[in-house]
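Model the following, please.
(one chain, ligands or ions: 2)
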Amino acid sequence: MTLNLTRLPVAHPTGQYEVLVGADLLPNLAELAHIRGPIVLITDSHVGPRHASRLSGAACTVTIPAGEQHKTLATVQTIYNELLAAGIDRQATVVALGGGVVGDVAGFVAATYLRGVDFVQCPTSLLAMVDASVGGKTGVDLPQGKNLVGAFKQPTAVLADITTLQTLPAEEFAAGMAEVVKHGLISNPELFERLEIGDWRFSNQSPISSLQSLVATAIEVKRDVVQEDPFEQGRRATLNLGHTFGHAIEQVSGYRVRHGEGVALGLVAAANLSTRLGYCDPALQERIEAVLQRQGLPTRIPAAYDPAQIYQAMFSDKKKAAGRLRFILLRDVGDVFIAAEVAEAAVLETLTAVQDPESSPLQ
Ligand SMILES: NC(=O)c1ccc[n+]([C@@H]2O[C@H](COP(=O)([O-])OP(=O)(O)OC[C@H]3O[C@@H](n4cnc5c(N)ncnc54)[C@H](O)[C@@H]3O)[C@@H](O)[C@H]2O)c1
Ligand SMILES: [Zn+2]
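Ligands and ions are numbered 1, 2, ... in the order given. This is a model prediction of the structure:
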């Protein structure tokens, strides 16, 4: 059995489960996750060939094509068909092995197939480990927008096997680091300072023990927030720090800017806006930029993306409350709050200020 396992209990409205963080967990999946019935493994075309063989005894394996464009109802339908053909009944446990896309799709299948079967998450991207796999949100995209259909489905266990990160592409690792930085900013100054001190950059080749502790610390932040607000009625919104800006930048770029990069730019913009509105010291933006740059993340919005266009795109984000934009702002590291009314002029000034000065006609 694996040594040095970090166990993080998560309480939710109908029970509790454990997030296990450690190396080489997949070979002991059934035992660690207390799975008794048949296992339905759902993975994607990048992760399956690399990691599915480490996990033995699946009654049925469904491999979906990798990529956000496959996070659709059509993919869900394909999975239902395969499960029915394999005679999968309600005793089964759906196991998601992959990044956030696999977790969201497989979780939605687990929530709905035969009105619900047990669900275990085995996140393999840094983003899925520290963010998507904890909190119970599952779902798919529609042509009209991202994550528009879904369900809350709590897993019975989450196994974050750090060993799987070794095959994660560097830019996907960096994207996950943006959410780690965000978690430090939301409520863990020590986590943020750990990324500030020294000059090391985390990568998927970092020692397992330091990745394990980084991942576990970042998960704890999300765990604490979702435990307090499981259905996103209040504090959970703070997890969207940087995301109002980030989603809009992603959208305007036609998704060439990946989610984690959008979040990185959004964190810089959130600090800039917070300073502009008098809530925080200008030094905070510089500290955030230094940490993001060290992790290989962008800190300036490419000049090709027009501030007015980014501002417009913010209104198509489903997270806005009743037509109003909602920004998460910073007072300091570990001190964030939800701001309902922010003047358009201030947002536009911020978008202009954090554009790339090299190529921007606006500076
Ligand atoms: N449910 C939630 O609360 C929640 C929270 C945040 C994000 N999300 C969702 O998560 C998704 C983003 O997650 P993501 O960044 O993991 O995207 P992803 O699942 O698309 O994974 C990114 C890429 O990395 C590959 N990959 C993953 N693990 C790998 C590994 N170990 N080795 C090699 N390749 C690997 C994937 O195949 C994919 O190509 C979005 O759809 C987002 O909406 C959900
Ligand atoms: Zn995010």
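
Return the nearest residue of the stretch 151-300 of the chain with respect to ligand 1.
At 3.6 Å from ligand 1, T167 is the closest residue in the stretch 151-300 of the chain, using Cβ to the nearest ligand atom. Glycine gets a C-beta too; all of them are placed from N, C-alpha and C.

That residue reaches R50, doesn't it?
Yes - the pair T167 / R50 is scored as a contact, 4.8 Å apart, by Cβ atoms under 8 Å.

neighbours around the residue of the stretch 151-300 of the chain closest to ligand 1, how many?
13 (other Cβ atoms under 10 Å).

How about G145?
Around G145 there are 13 other residues, counting by other Cβ under 10 Å.

Could you do H70 as well?
18.

Residues of the protein that sit close to ligand 1?
Residues of the chain lying close to ligand 1 by Cβ under 6 Å from any ligand atom are 44, 46-47, 50, 66-68, 71, 98-102, 104, 124-125, 127-128, 131-132, 135, 137, 147, 164, 167-168, 172, 175, 259.

measure the residue of the stretch 151-300 of the chain closest to ligand 1 to L239 for me?
According to Cβ to Cβ, to the nearest Å, T167 stands 27 Å off from L239.

just T61 next, same as before
Applying Cβ to Cβ, the value for T61 to L239 is 32 Å.

Ignoring the adjacent residues along the chain, who's closest to P307?
The shortest distance from P307 to any non-neighbouring residue, by Cβ to Cβ, 6 or more residues apart in numbering, is to L351 (3.6 Å).

what about the one you found, helix or strand, and which?
Applying DSSP states H and E as the criterion places L351 in helix 344-353.

Over to T78?
Residue-wise, T78 maps onto helix 73-85 under DSSP H and E.

Then G37?
Using DSSP H and E, G37 is not contained in any helix or strand.

show me what contacts the closest residue in space to E220 that isn't next to it in sequence?
By the measure of Cβ to Cβ, 6+ apart, the closest residue to E220 outside its immediate chain neighbours is L8, 6.2 Å from it. Applying Cβ atoms under 8 Å, 6 or more residues apart in numbering to L8 gives the contacts E18, V19, L20, V21, A216, I219, E220, R223.

Let's see which of the residues you listed end up in strands.
E18, V19, L20, V21 (DSSP state E).

Let me have those in JSON lines, adding distance to E190 as columns.
As requested, these are exported to JSON lines (distance: Cβ to Cβ, whole Å):
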{"residue": "E18", "distance to E190": "23"}
{"residue": "V19", "distance to E190": "19"}
{"residue": "L20", "distance to E190": "22"}
{"residue": "V21", "distance to E190": "17"}
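
Return the member of those nearest to Y80.
Comparing the ones in strands among the contacts of L8 against Y80 with Cβ to Cβ places V19 closest, at 27.7 Å.

what's the burial count for the closest one?
By other Cβ under 10 Å, 25 other residues sit near V19.

try the one 5 residues further on
The local packing of D24 (other Cβ under 10 Å) involves 14 other residues.

Please list all residues in contact with the residue nearest to it when sequence neighbours are not counted.
Sequence neighbours aside, T163 is the residue nearest to D24 in space, at 5.3 Å (criterion: Cβ to Cβ, 6+ apart). Residues in contact with T163 (Cβ under 8 Å, 6+ apart) are A23, D24, L25, L26, I208.

The third one and V158 touch, don't they?
Think L25. No - assessed by Cβ under 8 Å, L25 is found out of contact with V158, at 10.2 Å.

Name the surrounding residues that touch stretch 149-157.
12, 14-15, 17-20, 32-35, 73, 93, 104, 107-108, 110-112, 116, 118-121, 133, 136-140, 142, 230-231.

Go again with 7 Å.
12, 14, 17-18, 20, 33-34, 73, 107-108, 110-112, 118-121, 136-140, 142 (Cβ atoms under 7 Å, 6 or more residues apart in numbering).

Just want the most central residue of the chain.
Residue closest to the average C-alpha location in the chain (Cα atoms, centre = their mean): D131, at 3.7 Å.
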